[in-house]
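**Q** Have a look; sequence and predicted model below, questions after that.
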Amino acid sequence: MSDSPINITLKLFAAYQEAYGVSQLQLTFPPQTTVSQVLQHILTEHPELQKWQEVTKFGINFNFVSPETILQDGDEVVFIPPVSGGLSI
């Protein structure tokens, strides 16, 4: 097992994208980092996103995964909160 950090691309949608103002982030984490640990990192930076924590789905490389999934170097991770159509007023 390598002690080298892993680099991931985090694709952002809906509320996550609005909070960061970009569609993706390049992030580095220690080996054995889970999807839920990445989410905790995001919530630390943007606590206003905590309301989406329980309803967000996760994907890695175009596959839905559980929050306990361990990330690999080069993974593309997505956080998918519920999305609705229409205008907000």
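**A** Happy to help now that I have it.

**Q** pull the longest helix from the chain.
**A** Determined from DSSP state H, the single longest helix within the chain is helix 35-45.

**Q** buried stuff in that helix?
**A** Counting neighbours by 16 or more other C-beta atoms under 10 Å, one finds that the buried residues in helix 35-45 are 35, 37-39, 42. Using the backbone N, CA and C atoms, a C-beta is placed for each residue, glycine as well.

**Q** now, which of those sits nearest Thr69?
**A** Within the buried residues of helix 35-45, the smallest distance to Thr69 is 5.0 Å, found for Val35 (C-beta to C-beta).

**Q** Hmm, Thr56 and the closest one touching each other?
**A** No - the criterion here is C-beta atoms under 8 Å, and Val35 misses it with Thr56 at 9.9 Å.

**Q** circling back: by contact count, what packs against the longest helix of the chain?
**A** Here helix 35-45 touches strand 6-12, strand 24-29, strand 57-60, strand 76-80, going by 3 or more C-beta pairs under 8 Å, 6 or more residues apart in numbering; DSSP states H and E.

**Q** Tell me which residues touch Lys57, please.
**A** Going by C-beta atoms under 8 Å, 6 or more residues apart in numbering, Lys57 touches 64, 79-81.

**Q** which of these count as buried?
**A** Those of these that meet the buried threshold are 79-81, by 16+ other C-beta under 10 Å.

**Q** Among those, pick out the one closest to Lys51, please.
**A** Distances from the buried ones among the contacts of Lys57 to Lys51 were compared by C-beta to C-beta; the smallest belongs to Pro81, at 9.3 Å.
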